[in-house]
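# 3D model of this:
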Amino acid sequence: MERIRIGDIVLKTHPLVYEPAEDSILLMENLVDVRGKKVLDMGTGSGIQAINALKRGCEIAIGVDINPYAIRLSRENAELNNLKVDREVFFFQGDLFKDMDRIVEELGIDRFDVILFNAPYLPTSQEERLEGYINYAFDGGVDGREVIDRFISEAGRYLKRDGVIQIVQSSLTGERRTLDMLKRYGFKGEKSASIRFFFEEIQVITAWRVR
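This is a model prediction of the structure:
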């Protein structure tokens, strides 16, 4: 395993886990105020967003990822950054919100104040899929929306009335489609940050639950 540093966070990397890149940093730099709040980091990967949230003063952070290698790596990275695993930060293997009822019951949490999701947003054909768990970090389905749409449709159930979700996506995924779907599920959303590349714009969509 190699080690990298992003700001004041030191991370181990793993070949089967998404290594934080520009999209990860964009979300970190544009994180909403999490002081004293309960934060869920969906698709936690290396654990960087959960770790960053705790360094920004959140009360508790929970990371969920379908990739078992990501869960092991996240725990190691939290410990590497002097965080108390299973006390202030928790990591669980799970497929989006499929096991969330069990998780929140186990932790005694009602709902979250903030839910973060650096989504697998790349439009991916069958031929472009990668082997193994690393594919989950990139594969957004044919139009890039398969996982994002599922996330939006389920997130409100685990979010407080005035809670916030932040989604990282690509302009290839459809900014307007995301904002329209958020509105349909009771959110008021906006593009709060972006970074331009040659063929796409990476975007942070921030949305507040209004109903």
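# low-confidence ranges, this protein, go.
The model of the chain has pLDDT under 70 over residues 121-132, 134, 136, 138-142, 144.
# in it, which strand has the most residues?
Longest strand in the chain by number of residues (criterion: DSSP state E): strand 159-170.
# and the helices in this structure?
Secondary structure of the chain by DSSP state H: the helices cover 22-29, 48-55, 68-80, 100-107, 146-155, 175-184.
# list the buried residues of stretch 171-185.
S171, L172, T173, G174, E175, T178, L179, M181, L182, Y185 (16 or more other C-beta atoms under 10 Å). (Each C-beta comes from the backbone N, C-alpha and C, glycine too.)
# could I get the longest strand of the chain in PDB with only the CA atoms?
The C-alpha atoms that make up strand 159-170 are tabulated as PDB, following Å, rounded to 0.1, in the frame of the first residue of the first chain:
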ATOM      1  CA  LEU A 159     -32.400  12.500   6.500                       C
ATOM      2  CA  LYS A 160     -33.700  15.000   9.000                       C
ATOM      3  CA  ARG A 161     -36.400  17.500   7.900                       C
ATOM      4  CA  ASP A 162     -33.900  20.300   7.300                       C
ATOM      5  CA  GLY A 163     -31.000  18.000   6.400                       C
ATOM      6  CA  VAL A 164     -28.600  18.400   3.500                       C
ATOM      7  CA  ILE A 165     -27.300  16.000   0.900                       C
ATOM      8  CA  GLN A 166     -24.200  16.700  -1.300                       C
ATOM      9  CA  ILE A 167     -23.700  14.700  -4.500                       C
ATOM     10  CA  VAL A 168     -20.600  14.600  -6.700                       C
ATOM     11  CA  GLN A 169     -21.500  14.000 -10.300                       C
ATOM     12  CA  SER A 170     -20.400  14.700 -13.900                       C
END
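# now for that strand, which elements pack on it?
helix 22-29, strand 112-118, helix 146-155, helix 175-184, strand 201-209 (3 or more C-beta pairs under 8 Å, 6 or more residues apart in numbering; DSSP states H and E).
# name every strand pairing with it and say which way it goes.
Applying DSSP bridges to the sheet, strand 159-170 is found paired with strand 112-118 (parallel), strand 201-209 (antiparallel).
# of those strands, which is nearest V85?
strand 112-118 (18.5 Å; C-beta to C-beta).
# just how off-centre is the closest one within its chain?
Its chain's C-alpha centre and that of strand 112-118 lie 7 Å apart, by C-alpha atoms, centre = their mean, to the nearest Å.
# okay, angle between that strand and helix 48-55 too, please.
Orientation check (axes from the mean of the first three to the mean of the last three C-alpha atoms, to 10 degrees): strand 112-118 against helix 48-55 gives 140 degrees.
# outside of strand 112-118, which residues touch it?
Under the contact criterion C-beta atoms under 8 Å, 6 or more residues apart in numbering, strand 112-118 has outside partners 23-24, 27, 31-32, 34, 37-43, 45, 49, 53, 58, 62, 148, 151, 155, 158-160, 163-168.
# got the helices and strands packed on strand 159-170 as CSV, with distance to N135 columns?
Listed next are the helices and strands packed on strand 159-170 as CSV, based on distance: least, C-beta to C-beta, whole Å:
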stretch, distance to N135
helix 22-29, 17
strand 112-118, 15
helix 146-155, 12
helix 175-184, 22
strand 201-209, 20
